[in-house]
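# no sequence on hand, only this structure:
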């Protein structure tokens, strides 16, 4: 059994950050085990390659939900990154953090060290913010973040229409305030996707004390008593064992980390026995508290042929490919997402609870189906859902996908907020800024007007947004899985560092919050003091 100081299960957004930070000391040995492959494909590197990634599913584990009882028993597609960098290698590259209230809420649940003032320095440490460093953004982190100009006529119309509808303009929705219409920041730099594999891990790969093993499926954690001492993984048809002298770290994500804990005997004891697994630790919270964003859209045809559909012709597609190959410019250098908005479903709320991401094309099923016409749409989220689901074992076979039940819309408040988001999108699209562009409303359609009709449309058409979190949440109560230092309760030498530790989902895309968690966890693991709290965080973060 080969030994390393730290063994990391999962080479996604968090795992690559940890591999970089933990291997800085040449006297420390680190092993990163990833079930997917290397991020070799030029499609991954090109920001405009997002659509081929979504259409092909070539770099994703094709998971599905169980039938969703509040969505007409529909089964939803749930892709997970099957490549180094995980979700950061296949996502939409939207840079989004959440608000001060999100992280202060984590601290309010008893998780010391996780307030906004505590975590803002780790967001800053992670990034090189190309628009310019300030009290909210960093200057020399591994992750390069850019702000494409709002140059598309439709995106400019979206922001102008938002202001015509009475909403404020916001230059930086990850800065001093959240509410408003404004530009989107992207994990893109110089025409290339900035995943954690192409940034953090690329920096660390040349270090002799870091070993990266891909196409290796972790089977279970090895314990001596209640101390985690290693992993067993399958690669090339055989099982291999590795030993961790200091710690085993699970970074397999909110679906696979709880699965791996349960396969290793940590979880709800009765559920483990159902699958013939002898419980080592009865932790009933493992796999519970699953949260995810649900997405719905309002779509219009465009009266002018200026959407991204113009690049779908063979001639223009070939020209775009040549432009990118020669100059790293053109549509393949840009994911085409330029504008977004955060708004309140009700004016009296303390902060926005609806996100509108504006898209200058017509897709269905998150890009898996192209509508062959020019158009645009608003991608709408209730950003702080109250519904809670679960992840459970389908069997004791470690290669079998888990049973995933987001339990979307179980809480009626989520349906109300989602419907209000659609109404706000319609209000924005009705403004005079869209008069030159606004064609027929394709979805939900002009006949869908009443509250009941809109809610029926949501139940029939809403889709998962791939932001699963919370299934090994931090806390001190009976259902918490890890403590505020991300150590598994009742175990030794074992931590979870990924989206599963979030007690509540952030009101944002989750990738950047996961990177922050891994940055902060690295200091904890290495025994380093935390970064100094941000003095102005409470004053400015809203």
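The structure has been received and is ready for your questions. None of the values given here were measured: they were computed from a predicted structure. Numbers count the residues shown, from 1 in each chain.
# which parts of the stretch 301-450 of the chain are strands?
Listed in chain order, the strands of the stretch 301-450 of the chain (DSSP state E, counting those that start in this stretch) span 339-343, 354-359, 363-364, 369-370, 375-382, 389-392, 403-405, 438-443.
# contacting residues around the first one?
Outside strand 339-343, the residues within contact range by C-beta atoms under 8 Å, 6 or more residues apart in numbering are 94, 150, 155-156, 158-159, 162, 167, 170, 173, 178-184, 352, 354-358, 383, 421, 424, 428, 507. All C-beta atoms are positioned from the backbone trio N, CA, C, and that covers glycine.
# doesn't residue 148 make contact with residue 130?
No: the pair formed by residue 130 and residue 148 falls short of the contact definition of C-beta atoms under 8 Å, at 10.4 Å.
# show me the shaky parts of the stretch 101-250 of the chain.
The model of the stretch 101-250 of the chain has no residue with pLDDT under 70.
# show me where it has its helices.
Remark: helices assigned in the stretch 101-250 of the chain by DSSP state H, counting those that start in this stretch are 116-126, 153-164, 202-204.
# and these, which is most packed in?
Comparing the helices of the stretch 101-250 of the chain by mean neighbour count (mean count of other C-beta atoms under 10 Å), helix 116-126 ranks first with a mean of 23.
# circling back to that earlier point, so between residue 130 and residue 148, which is more surrounded?
Taking neighbours as other C-beta atoms under 10 Å, residue 130 and residue 148 compare with residue 148 leading, 20 against 17.
# what sits against that one?
Residues in contact with residue 148, defined by C-beta under 8 Å, 6+ apart, are 183-184, 186, 188, 334, 338.
# any chance of these in JSON lines, plus neighbour count and distance to residue 233?
JSON lines is the format used below for the contacts of residue 148 (neighbours: other C-beta atoms under 10 Å; distance: C-beta to C-beta, whole Å):
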{"residue": "183", "neighbour count": "21", "distance to residue 233": "43"}
{"residue": "184", "neighbour count": "21", "distance to residue 233": "38"}
{"residue": "186", "neighbour count": "24", "distance to residue 233": "34"}
{"residue": "188", "neighbour count": "25", "distance to residue 233": "33"}
{"residue": "334", "neighbour count": "23", "distance to residue 233": "38"}
{"residue": "338", "neighbour count": "24", "distance to residue 233": "42"}
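# name the nearest of those relative to residue 101.
residue 184 (21.2 Å; C-beta to C-beta).
# returning to that earlier point: mind checking which of the helices of the stretch 101-250 of the chain is nearest residue 296?
Distance to residue 296, taken as C-beta to C-beta, is lowest for helix 153-164 among the helices of the stretch 101-250 of the chain, at 17.1 Å.
# ends of stretch 342-353, what's the gap?
Using C-alpha to C-alpha, to the nearest Å, one end of stretch 342-353 lies 7 Å from the other.
# could you give the average pLDDT over it?
On average, the pLDDT along stretch 342-353 is 96.
# how about the residue lying closest to residue 180 once chain neighbours are set aside, phi and psi?
In this structure, residue 180 finds its nearest non-sequential neighbour in residue 170, 2.9 Å apart by C-beta to C-beta, 6 or more residues apart in numbering. Main-chain dihedrals, residue 170, degrees, to the nearest 10: phi -140, psi 110.
# and residue 170, how many neighbours?
Count around residue 170 with other C-beta under 10 Å applied: 22.
# dump the residue contacts of it.
The contact partners of residue 170, by C-beta under 8 Å, 6+ apart, come to 177-182, 342.
# for residue 193, which of the strands of the stretch 301-450 of the chain is the nearest?
Proximity to residue 193 (C-beta to C-beta) singles out strand 354-359 among the strands of the stretch 301-450 of the chain, at 17.6 Å.
# which of the residues in the closest one are buried?
Neighbour counts over strand 354-359 (16 or more other C-beta atoms under 10 Å) mark 354-359 as buried.
# one more: stretch 442-462?
Across stretch 442-462, burial judged by 16+ other C-beta under 10 Å covers 442-444, 454-455, 457-459, 461-462.
# now the closest residue to residue 304 other than its chain neighbours: how far from residue 335?
Leaving aside its sequence neighbours, residue 304 sits nearest to residue 437 (C-beta to C-beta, 6+ apart; 5.8 Å). Applying C-beta to C-beta, to the nearest Å, the value for residue 437 to residue 335 is 21 Å.
# now do the strands in the stretch 1-150 of the chain.
Secondary structure of the stretch 1-150 of the chain, counting by DSSP E, counting those that start in this stretch: strands at 2-9, 30-33, 60-64, 77-81, 94-95, 127-129, 143-145.
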